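*Asks:* okay, here's the prediction I keep looking at, along with the sequence it came from:
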Amino acid sequence: MLFVLVIPPCFATLSTIKAELGWRWLGFAFVLMLTFGWCLGVAVYQIDLFMGAAAVPARPRGLRPSSSPDWLQGLLAWLGVGGMWS
């Protein structure tokens, strides 16, 4: 749900950004919103999984609660925030 709230808005808004600011700002805004939405969704899911609140019917090997801190640290490092748990 968080991803849907953060993803780029309707085509009318995107066309207004293009008309007023140009193609570069449109591309930047589009990529920024998609990246932020994806990072926010992954972070919230991994925090829920780490706390045991995520509803995962059968947990595959890659979705263990012990791997959640690794996911979150990798996400923060990718965003440039860097090593909170190191």
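*Replies:* On my side now, so go ahead. As the structure is a computational prediction, the values presented were derived from the model and not from experiment.

*Asks:* show me where the chain has helices.
*Replies:* For the chain, the helices defined by DSSP state H occupy 2-6, 11-21, 23-51, 68-79.

*Asks:* would a markdown table of those helices with mean neighbour count and mean pLDDT be doable?
*Replies:* Yep, even glycine has a C-beta here, placed from its N, CA and C like the rest. A markdown table is the format used below for those (neighbours: other C-beta atoms under 10 Å; pLDDT from 0 to 100):
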| stretch | mean neighbour count | mean pLDDT |
| --- | --- | --- |
| helix 2-6 | 13 | 79 |
| helix 11-21 | 12 | 91 |
| helix 23-51 | 15 | 86 |
| helix 68-79 | 15 | 72 |
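
*Asks:* surely V6 and T35 touch.
*Replies:* No. V6 is beyond contact range of T35, at 9.6 Å (criterion: C-beta atoms under 8 Å).

*Asks:* list residues touching both of these two?
*Replies:* By C-beta atoms under 8 Å, 6 or more residues apart in numbering, V6 and T35 have no common neighbours.

*Asks:* P9: neighbour count?
*Replies:* Applying other C-beta atoms under 10 Å, we find 12 other residues in the vicinity of P9.

*Asks:* phi, psi of it?
*Replies:* With angles defined as degrees, to the nearest 10, P9 sits at phi -70, psi -170.

*Asks:* same check on G22?
*Replies:* Backbone torsions of G22, given as degrees, to the nearest 10, read phi 100, psi 180.

*Asks:* contact partners for it?
*Replies:* Contacts of G22 (C-beta under 8 Å, 6+ apart): none.
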